[in-house]
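Undergrad: using only what follows, build the 3D model:
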Amino acid sequence: QLQFAESGGGLVQPGGSLRLSCAASGSTLGASAIGWFRQAPGKGREEVACINVRTNFANFAYPVKGRFTFVGDDAENTVFLQMNNLKPEDTAVYYCVAVVASDGFCTYRKKATAEWGQGTQVTVST
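TA: Predicted coordinates for the structure are as follows:
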C-alpha cells in the first residue's frame, strides 16, 4: 500500500504562509507522482496540486495558481507544498496521496494501491 502522512497545517491570518509536508509511510515503490487535495466543511474533496517527482512537472488548480508551489524535498520521500498569500477560502483539511503519473506528467487520479491519510487542518482566519 502507498501511504503518506501530512503535516504542517495550522491557523494563519489572511495573507500568511504555511508549508505542508507529505512524508512517505512505508514503501513508496511505484509512487512517481503526488497529489494534494483539500476538503472544506460541507464540501467535496477538490484538487489542489500535483507533482511528478521524477520529472518535477507540477500542476496547480486555478484557485491556488500563483500562490502555491512545490519546494525541494529534503529527503527522498518527502514533498513540500508551500502555500503563500493564504485566503479564508483556503480553509480545509489537506490530503496528499499517490496519484497516477502519465508520460512525465501528473494527474489527479488516485492510484488504486494508494490510501488516504488523516490530512492536516489549515485554517485561514483573523
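Undergrad: which residue is nearest the middle of this structure?
TA: Most central in the chain under C-alpha atoms, centre = their mean is residue 36, positioned 2.6 Å from the mean C-alpha point.
Undergrad: quick one, longest strand in the chain?
TA: Scanning the chain for the longest strand, with DSSP state E as the assignment, gives strand 92-102.
Undergrad: what pairs with whichever helix or strand comes after it, parallel or antiparallel?
TA: Using DSSP states H and E, the helix or strand that follows strand 92-102 in sequence is strand 105-110. The strands beside strand 105-110 in its sheet (DSSP bridges) come out as strand 92-102 (antiparallel).
Undergrad: in the strand it pairs with, which residues are buried?
TA: Within strand 92-102, the residues that count as buried by 16 or more other C-beta atoms under 10 Å are 92, 93, 94, 95, 96, 97, 98, 99, 100, 101. (Each C-beta comes from the backbone N, C-alpha and C, glycine too.)
Undergrad: identify, from those, the entry nearest to residue 114.
TA: Within the buried residues of strand 92-102, proximity to residue 114 (C-beta to C-beta) peaks at residue 98, which comes in at 4.0 Å.
Undergrad: low-confidence ranges in this structure?
TA: 26-30, 72-76 (pLDDT under 70).
Undergrad: show me where it has its helices.
TA: With DSSP state H as the criterion, the chain has no helices.
Undergrad: circling back to that earlier point, let's have the buried residues of strand 92-102 in a markdown table, adding distance to residue 21.
TA: Formatted as a markdown table, the buried residues of strand 92-102 follow (distance: C-beta to C-beta, whole Å):
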| residue | distance to residue 21 |
| --- | --- |
| 92 | 16 |
| 93 | 15 |
| 94 | 10 |
| 95 | 12 |
| 96 | 9 |
| 97 | 14 |
| 98 | 15 |
| 99 | 17 |
| 100 | 22 |
| 101 | 20 |
